[in-house]
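>>> Provided below are the primary sequence and the corresponding predicted coordinates.
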Amino acid sequence: MRAMRTVLASLALFTLATGARAACTRPEPPPPDSKPAKPALPEKPACLDAKGGCPGWEAYSYNDAVKAYNVQAQAFRPLAEAYVQKLNAYVKASSDYAQCEVKTLQ
């Protein structure tokens, strides 16, 4: 019995002395399908750069397309910012993981 306690005590001291730690947790990147899609710019009509300009209906159509794009871009921005936050959290977690792995080697 006494020998068993001595072995357990020695094992506990060895564990503390060698700095045994819990395993390092590998970070998980955000899933690729969570990346928001940037809205496409409306196509400029060729007449826009022409000397005479565009006929009224084409200019109005392009103007409406630009307005619709601006609405989509406003909706895209918070989604993109949230995704960037997830990426930054992944970068930090990756750094923490690397530091943990380094410590296991010391």
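Cool, got the structure. Numbering: from 1, shown residues only.
>>> low-scoring stretches of this protein, by residue?
Applying pLDDT under 70 to the chain flags the ranges 1-21.
>>> max-length helix in it?
Scanning the chain for the longest helix, with DSSP state H as the assignment, gives helix 56-105.
>>> I'd like the distance from that helix to the chain centre, please.
Between the centre of helix 56-105 and the centre of its host chain there is 8 Å, according to Cα atoms, centre = their mean, to the nearest Å.
>>> Would you enumerate the residues in contact with the one residue sitting closest to the centre of the chain?
By Cα atoms, centre = their mean, the chain has its centre lying nearest to residue 87, at 1.9 Å. With Cβ atoms under 8 Å, 6 or more residues apart in numbering as the criterion, the residues that contact residue 87 are 29, 30. For glycine as for every other residue, the C-beta is placed from the backbone atoms N, C-alpha and C.
>>> how much space between it and residue 73?
To residue 73, residue 87 is 20 Å away according to Cβ to Cβ, to the nearest Å.
>>> so residue 52 is in which element?
Under the criterion DSSP states H and E, no helix or strand holds residue 52.
>>> Count the neighbours of it for me.
6 (other Cβ atoms under 10 Å).
>>> Backbone dihedrals for it, please?
Main-chain torsions, residue 52, degrees, to the nearest 10: phi -80, psi -10.
>>> Check residue 50 too.
phi -70, psi 160.
>>> Okay, it and residue 65: tell me how far apart.
Relative to residue 65, and taking Cβ to Cβ, residue 50 is found at 18 Å.
>>> So the two - more neighbours on which side?
Neighbours were counted for residue 50 and for residue 65 using other Cβ under 10 Å; residue 65 has more, 15 against 9.
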